[in-house]
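Enquirer: with the sequence up front, the predicted model follows.
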Amino acid sequence: MTTPRDIARSSLGNAVSYSLEAASPTTAFYSPPASQGSFMAGSLTSRTAATAKQLKPFNAGDIKILLLENVNQTGRDILAAQGYQVEFLKTSLPEDQLIEKIREVHVIGIRSKTKLTAKVLQEAKNLLVVGCFCIGTNQVDLDYAAKHGIAVFNSPFANSRSVAELVIAEIITLARQLGDRSLEMHRGTWNKVSAKCWEIRGKTLGIVGYGHIGSQLSVLAEAMGMSVIYYDVLTLMAIGSARQVPTLEKLLEEADFVTLHVPETPETKNLISTKEFESMKTGSYLINASRGTVVDIPALIKAMRAGKVAGAALDVFPHEPAANGDYFVNNLNTWAEDLRGLNNIILTPHIGGSTEEAQRAIGVEVADSLVRYINQGITLASVNLPEVTMRSITLDEHDHARVIYIHRNVPGVLRKVNEILAEHNVDKQISDSKGDIAYLMADVSDVKTQDIKDIRDSLDSLNSRILTRVLY
Ligand SMILES: NC(=O)C1=CN([C@@H]2O[C@H](COP(=O)(O)OP(=O)(O)OC[C@H]3O[C@@H](n4cnc5c(N)ncnc54)[C@H](O)[C@@H]3O)[C@@H](O)[C@H]2O)C=CC1
Ligand SMILES: O=C(O)C(=O)COP(=O)(O)O
């Protein structure tokens, strides 16, 4: 059965040339089911009248985008230049406001704070695509999104260097107790000490998670004379003289500095807890710039009070606020005051990726992915849909349509789709699957207005259908 959500979203692909003749095209996306027929008629009639130059995938001005969490200007400019309607907010939104807003938009851009849970996404009736303007995608229910034909993109490594540099700074800061000395001077105290202050040369850095950030950090640390060991669930090629160790325990026993660069998953929740602190060397240091759930904070407090851990740097926390402002005031975490009272602990508000360079690069990368997906249906670099790409649709192909069919990955679908497309001239067709979801893209030529409507209606009627888009 066709739901209003399906109509709104499948219409997106067919709004194409409606804008060329219709007086008020913006109503097209929000037509209730009963008015779909008239919208389609307008769309299809205008298409036949369109010249080659006028053709574009759809009326860009109808696309509504909501950008939260201060997405960089570079990304905003790219999206605005397409003619999309872009609304920008500096902060994240509480769930009730997010649900209100998400109902209206075709595209949402977020960073690490905005939680797109199934509860939120099920309200997103028009949503086509999510852009995570960051690395982590744990804040999005990727599975729910895929099963509802919502593509998700991120920027897999544009801020890796920024995080790695922050960690290098923290290693030296902890080894020299710089935070405490600076704080004392701010308070007017001269406290010149060398006891338990160390060079980092010759010390061992243990990296947990040797992915983009971990491996970048490995290079920088070796350049400063550190020995690097790493633990990862995958067997990975060592960079430079770094050495992979077989278990986390082995890493904790050997490392002077332990730094965490794993994603947030059920397996990494409290990855470093009481038992792990016991395995660490006395007087070693812990750095967490991954996700707040990875370290058991009460256990860290105990380990620091016992002198087992000589210093720590935390950039991430289990519950982070949606906007800048008070954090420890009225903080519900029972450990908040204890944490603040410790010596040699650096607390930063999730700034690992917060550099001009990283944010600009992320803005460009994610906005480009969104434009490619909205205009051309290309899923290259999607984190939850199969990656499917074909050449760009060019403006002079006015008898050409791009058919996109997101469907459940069950036997017999391709046969049925090809029965539908067989009536036409299929120039090229690609299909790929990822788990339960499959993505088919076909460029069809010599299609008339009525053919496009027929193709879409026929695909919409298949049981396997999640979302149909026809771009022309
Ligand atoms: N503080 C900040 O501002 C930032 C934080 N991050 C966080 O850092 C994390 C890591 O980033 P990348 O290096 O880009 O990710 P990545 O995906 O390139 O690397 C993660 C590595 O962790 C490994 N891994 C996964 N589960 C593991 C486990 N249980 N034990 C050991 N290894 C495990 C993976 O095999 C992979 O090699 C991100 O997922 C994100 O949560 C990322 C960017 C900025
Ligand atoms: O890229 C990531 O995963 C980060 O943790 C950085 O998040 P942010 O963009 O600063 O909200």
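Expert: Yes, it's here. Ligands and ions are numbered 1, 2, ... in the order given.
Enquirer: residues contacting Leu347?
Expert: Neighbouring residues of Leu347 by CB atoms under 8 Å, 6 or more residues apart in numbering: Ala313, Leu314, Leu339, Arg340. For every residue, glycine as well, the C-beta is placed using N, CA and C.
Enquirer: out of those, who's the most crowded?
Expert: Among those, the one with the most neighbours (other CB atoms under 10 Å) is Ala313, at 24 neighbours.
Enquirer: secondary structure element for that residue?
Expert: Using DSSP states H and E, Ala313 sits within strand 309-314.
Enquirer: distance from stretch 381-395 to the middle of the chain?
Expert: Relative to the chain's own centre, stretch 381-395 is displaced by 17 Å; criterion: CA atoms, centre = their mean, to the nearest Å.
Enquirer: what does stretch 185-198 give?
Expert: 42 Å.
Enquirer: cool, and stretch 158-171?
Expert: 19 Å.
Enquirer: show me which residues of that stretch are buried.
Expert: Across stretch 158-171, burial judged by 16 or more other CB atoms under 10 Å covers 158-168, 170-171.
Enquirer: now, which of those lie close to ligand 2?
Expert: Asn159 (CB under 6 Å from any ligand atom).
Enquirer: tell me which parts of the stretch 301-450 of the chain are close to ligand 1?
Expert: Residues of the stretch 301-450 of the chain lying near ligand 1 (CB under 6 Å from any ligand atom): Asp315, Val316, His350, Gly352, Gly353.
Enquirer: which helix runs longest in the chain?
Expert: Secondary structure of the chain per DSSP state H: the longest helix is helix 356-376.
Enquirer: if we can go back for a sec, report whether the strand holding Ala313 contacts ligand 2.
Expert: No: using CB under 6 Å from any ligand atom, strand 309-314 stays clear of ligand 2, coming no nearer than 13.1 Å.
Enquirer: beyond that strand, next helix or strand please.
Expert: Scanning forward in sequence from strand 309-314 by DSSP H and E, the next helix or strand is helix 336-340.
Enquirer: now Ile213: how far from Leu121?
Expert: Distance of Ile213 to Leu121, computed by CB to CB, to the nearest Å: 28 Å.
Enquirer: which of these two has more neighbours?
Expert: Per other CB under 10 Å, whichever of Ile213 and Leu121 has more neighbours is Ile213, with 28 against 20.
Enquirer: so that one, which of the three states?
Expert: At Ile213 the chain is in helix, as set by DSSP: H, G, I helix; E, B strand; the rest coil.
Enquirer: around ligand 2, pick out the residues from the stretch 151-300 of the chain.
Expert: Asn159.
Enquirer: and the helices in the stretch 151-300 of the chain, which stretches?
Expert: Shown for the stretch 151-300 of the chain, the helices assigned by DSSP state H, counting those that start in this stretch span residues 160-175, 178-186, 212-223, 248-254, 274-279, 297-305.
Enquirer: likewise for the stretch 351-472 of the chain?
Expert: 356-376, 413-421, 449-460.
Enquirer: now for the residues of the stretch 301-450 of the chain next to ligand 1: which two are most distant?
Expert: Val316 and Gly353 (10.8 Å; CB to CB).
Enquirer: the more surrounded of those two?
Expert: Gly353 (25 against 22).
Enquirer: measure that one to Lys101 for me?
Expert: Taking CB to CB, one finds Gly353 at 24 Å from Lys101.
Enquirer: next: Ala158.
Expert: 26 Å.
Enquirer: next one: Pro411
Expert: Going from Pro411 to Lys101 by CB to CB gives 39 Å.
Enquirer: more neighbours, those two?
Expert: Comparing Pro411 with Lys101 by other CB under 10 Å, the one with more neighbours is Lys101, at 19 against 7.
Enquirer: how about whatever helix or strand the more buried one lives in: buried residues?
Expert: Assigned by DSSP H and E, Lys101 belongs to helix 95-102. Neighbour-count burial for helix 95-102 flags Leu98, Ile99, Lys101, Ile102 (criterion: 16+ other CB under 10 Å).
Enquirer: so the nearest residue to the third one once chain neighbours are set aside, which of the three states?
Expert: Leaving aside its chain neighbours, Lys101 sits nearest to Leu66 (5.6 Å; criterion: CB to CB, 6 or more residues apart in numbering). Three-state secondary structure (criterion: three-state DSSP) places Leu66 in strand.
Enquirer: can you pull up the bridge partners for Leu66?
Expert: Glu87, Ile108 (DSSP bridges).
Enquirer: that one: what's it in contact with?
Expert: By CB under 8 Å, 6+ apart, Leu66 lies in contact with Glu87, Leu89, Lys101, Ile102, Glu104, Val105, Val107, Ile108, Gly109.
Enquirer: which one among those residues sits at the bottom for pLDDT?
Expert: Least confident of the contacts of Leu66 in the model: Glu104, at 94.
Enquirer: what residues are up against it?
Expert: Counted by CB under 8 Å, 6+ apart, Glu104 has contacts Lys64, Leu66, Asn126.
Enquirer: returning to that earlier point: looking at the helices of the stretch 151-300 of the chain, which is nearest to Gly363?
Expert: helix 160-175 (13.8 Å).
Enquirer: so what touches the closest one?
Expert: 135, 178-179, 197-200, 203, 205, 212-213, 216-217, 220-221, 224, 226, 257, 259, 261, 285, 287, 289, 310-313, 315, 344, 346, 348, 351-355, 357-358.
Enquirer: poorly predicted segments of this protein, please.
Expert: 1-58, 393-398 (pLDDT under 70).
Enquirer: thinking again about what came up before, widest-spaced pair of the contacts of Leu347?
Expert: Ala313 and Arg340, at 14.1 Å, using CB to CB across those.
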